[in-house]
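Student: what's the 3D shape of this:
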Amino acid sequence: MKTIAVIPARYAATRFPAKLMGMLGDKTVIRTTYENTVKTQLFDDVFVVTDSDIIHNEITRHGGKAIMSKKEHETGSDRIAEAIEHLDCDIIINVQGDEPFVQKEPLVELLHVFENDFENKIDLGTLMQEITNEEQINDPNYVKVVCDNQNFALYFSRSPIPYPRETQFRACYFEHIGIYAFRKHSLLHFSKLPMLQNEKAEKIECIRYLEYGMKIKLIETKYMGIEIDTAEDLEKANAYLKSMTH
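Tutor: This next block holds a predicted model:
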C-alpha cells in the first residue's frame with residue numbers, strides 16, 4: 001500500500017487569521033507541521049494542500065512539497081480529494097496544519113486499521129479521546145462521537161452524546177480528534193456526494209460518510225496535541241517548544 005500524508009492549509013481562519021504563518025520558535029506553524037510529519041518516516045510522500053500563495057511559497061522555498069487547491073471547498077476532505085485525485089496512492093492520512101507537534105504513535109495506529117482490514121470493510125479511520133470535563137462535554141466546539149461495540153462510528157455531534165437521561169449512570173464521552181486515514185476510492189466517492197441534512201445542521205463532515213452508509217473505524221488514543229486556534233494557543237505552543245529544547 002502506498003501511503004501519503006496531506007496537510008490542508010487555509011490562509012484565512014475565522015478566529016485567528018494567518019495563524020499557520022505565525023512563528024513557532026524560528027519557523028512558521030505550517031512549516032513545523034510539515035517537517036514533523038516528514039520526520040515520522042511513515043509516508044511515501046507528504047504534501048501541503050493550500051489555497052494560499054503565501055503558504056505554498058513558505059513550504060516550497062524550504063524544500064517541501066505543496067499543491068495549490070483550485071477551488072473553494074465545503075470541507076477539508078473535499079479539498080484533499082481534489083488534490084489527490086491524480087496522485088499514485090492507496091491510503092491518505094490527513095494531518096491538521098494547526099497541530100504542529102505531530103506524534104507518530106497515533107498515526108501508526110491509524111495505518112494499522114487498514115493493514116488488518118482484509119475484507120476492505122473500512123472506508124476511513126480516525127481518532128477519539130475520552131473527555132471527563134463537563135464544560136468540554138457540553139461545549140459545541142468539542143465534537144463528540146458514539147461507537148458500536150467494535151468501535152465503528154454510530155454518530156458525531158456537537159451535543160453531548162449519549163444524553164445523560166439516567167443521572168445515576170455515568171456515561172463515557174469521547175471527543176473526536178480530526179486526524180483521518182482514508183482509502184483513496186472512499187475519499188473520492190465522498191467528494192462527489194451532496195451534503196445531507198445532518199451534516200448541514202451539525203457542520204461535521206464525518207456525518208456525510210455515515211449518511212451514505214460508509215464505515216468509520218475509531219481508534220482511542222491519549223493523543224494530546226496543541227491545536228492552534230487563537231493567539232493564546234500560539235503562546236502556549238511556543239512555551240511548550242521551549243520546554244522541549246531545554
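Student: Only C-alpha atoms from now on, for both contacts and neighbour counts.
Tutor: Fine.
Student: How far off centre is the longest helix that the chain contains?
Tutor: If you go by DSSP state H, the chain has its longest helix at helix 231-245. Helix 231-245 sits 21 Å away from the centroid of its parent chain (CA atoms, centre = their mean, to the nearest Å).
Student: now do stretch 229-237
Tutor: Relative to where its chain is centred, stretch 229-237 has its mean C-alpha point 19 Å off (CA atoms, centre = their mean).
Student: Name the residues that touch stretch 170-187?
Tutor: Here stretch 170-187 makes contact (CA atoms under 8 Å, 6 or more residues apart in numbering) with 77, 81, 84, 89-96, 110-111, 123-132, 137, 142-146, 156, 160-162, 164.
Student: Please indicate which of those residues are buried?
Tutor: 77, 81, 84, 89, 91-96, 110-111, 123-129, 131, 137, 142-146, 156, 160-161 (16 or more other CA atoms under 10 Å).
Student: what helix or strand does the residue nearest to Cys206 when sequence neighbours are not counted sit in?
Tutor: With sequence-adjacent residues excluded and distances taken as CA to CA, 6 or more residues apart in numbering, Cys206 is closest to Phe156, at 7.3 Å. Assessed by DSSP states H and E, Phe156 sits inside strand 153-157.
Student: what about that strand, average pLDDT?
Tutor: Average pLDDT, strand 153-157: 98.
Student: Buried ones in that strand, by neighbour count?
Tutor: Judged by neighbour count (16+ other CA under 10 Å), strand 153-157 contains these buried residues: 153, 155-157.
Student: so how far is Gly213 from the residue nearest to Cys206?
Tutor: To Gly213, Phe156 is 14 Å away according to CA to CA, to the nearest Å.
Student: Also Lys27?
Tutor: 42 Å.
Student: Assign Phe43 to helix, strand or coil.
Tutor: coil (DSSP: H, G, I helix; E, B strand; the rest coil).
Student: And Leu218, by the same measure?
Tutor: Under three-state DSSP, the three-state class of Leu218 is strand.
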